[in-house]
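K.L.:
okay, sequence plus prediction incoming.
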Amino acid sequence: MGRKVTKALFPVAGLGTRFLPATKSIPKEIMTLVDRPLIQYAIDEARAAGIKEFIFVTSRGKGALEDYFDHAPELENSLRKRGKDELLETLKNTNMDSGAIAYIRQHKALGLGHAVWCARRLISPNEPFAVILPDDVIAAEKPCLQQMVEAYDELGGSMVAAMEVPPELASAYGVLDVKEDMGSIVAVNGMVEKPKDGTAPSNLAVIGRYILSPKVLNNLNKIKSGAGGEIQLTDAIAAEIEEGRNVYGYRFRGQRFDCGSKAGFLQATVAFGLAREELQKEFSEYLRHMVSLQKAAQ
């Protein structure tokens, strides 16, 4: 198939208003899930999929996010002196080589499509690229983007991660109009962004992982604002189908947590906390105790 996917784009310009007052001083993407920021989970997933270049679409007030990936010589020296080798190793995963990260500003919040369009000059005309939304954290044995890259290597085209949602929740998502269901891969006729209740073409929702043909950037150039007055990425991907190019949905194996919502963030904290060997015993005992107290109170 065509070129390997080695670039990933991370749209991180949002204000995170659902998490105020915390996000008054820290970007939502460095809010901590167990002991590492949301963005670290996204970066680790990208690296596992073979991504070498990372493009962040940021906005004003995201300096702490940029600093997070810098080396911290004083901290590293202090840990070295104290023989804290394990912590040094943990820090290593947060460091990025010079030039591996590019930061682009999105000056107006005009939607995901616009955020992707902002990075157009960093992606060459024949270069497929991935998009990862750090709000969507996916617990999976094989990281979600890696699953998709393996499928993309066989199929090409453009690909979106998809999961089944209850029909009554479909209006909160971009939804696939399925042409052919082949199990983990779904050939797509079209996509509808936030369909009105009862009009969704399926219950397969698009979630925050994409592998896109660079032609999607040309489509974004032509698109006027869509649902909610924003420039919708789904519209630009749907245009690929109209022009005769293949778009696939990929049913990933794993559990997705919506860390853009408080309830989703709390659920992820419980799931990821219980998955940690060093926390599992104490934490599960506490949760059992809390549940029994709740039942007694009812």
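P.N.:
Received it, and whenever you're ready, just let me know what you need.
K.L.:
just checking, what packs against the helix or strand bottoming out on mean pLDDT in the chain?
P.N.:
None of the helices or strands of the chain scores lower by mean pLDDT, DSSP states H and E than helix 63-68, at a mean of 77. Packing partners of helix 63-68 (3 or more CB pairs under 8 Å, 6 or more residues apart in numbering; DSSP states H and E): strand 53-58. (Each C-beta comes from the backbone N, C-alpha and C, glycine too.)
K.L.:
can you give the contact residues for the strand it packs on?
P.N.:
Identification of contacts with strand 53-58 by CB atoms under 8 Å, 6 or more residues apart in numbering yields 6-13, 43, 46, 65-66, 96, 100-106, 115-116, 118-119, 122-123.
K.L.:
return the distance of it from the chain's centre.
P.N.:
12 Å (CA atoms, centre = their mean, to the nearest Å).
K.L.:
what of stretch 121-131?
P.N.:
With CA atoms, centre = their mean, you get 17 Å for stretch 121-131.
K.L.:
please apply the same query to stretch 10-24.
P.N.:
On CA atoms, centre = their mean, the centre of stretch 10-24 falls 15 Å from that of its chain.
K.L.:
give me the buried positions along that stretch.
P.N.:
10-14, 16, 19, 23 (16 or more other CB atoms under 10 Å).
K.L.:
also stretch 26-38?
P.N.:
So, applying 16+ other CB under 10 Å, buried residues of stretch 26-38: 26-31, 33-34, 36-38.
K.L.:
what do you get for stretch 212-231?
P.N.:
Quick answer for stretch 212-231 (16+ other CB under 10 Å): 212-217, 219-220, 223, 226, 230-231.
K.L.:
any chance of those residues in CSV, with pLDDT too?
P.N.:
Formatted as CSV, these follow (pLDDT from 0 to 100):
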residue, pLDDT
L212, 94
S213, 90
P214, 88
K215, 89
V216, 90
L217, 87
N219, 88
L220, 86
I223, 70
G226, 53
E230, 73
I231, 79
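K.L.:
next step: those restricted to helices.
P.N.:
215-217, 219-220 (DSSP state H).
K.L.:
nearest to E141, of these?
P.N.:
Nearest to E141 among these, counting by CB to CB, is V216 at 29.3 Å.
K.L.:
the closest one touches T234, doesn't it?
P.N.:
No. Contact status for V216 versus T234: not in contact, 10.5 Å apart, counting by CB atoms under 8 Å.
K.L.:
just the residues contacting stretch 158-166, thanks.
P.N.:
144, 148, 151-152, 173-174, 176, 186, 188, 191, 203-213, 216, 237, 240, 245-252, 256.
K.L.:
what do you get for stretch 123-132?
P.N.:
Stretch 123-132 is contacted from outside by 2-3, 5, 7-11, 42, 45-46, 49, 51, 55, 116, 145, 148-149, 152, 208-214, 217, 233, using CB under 8 Å, 6+ apart.
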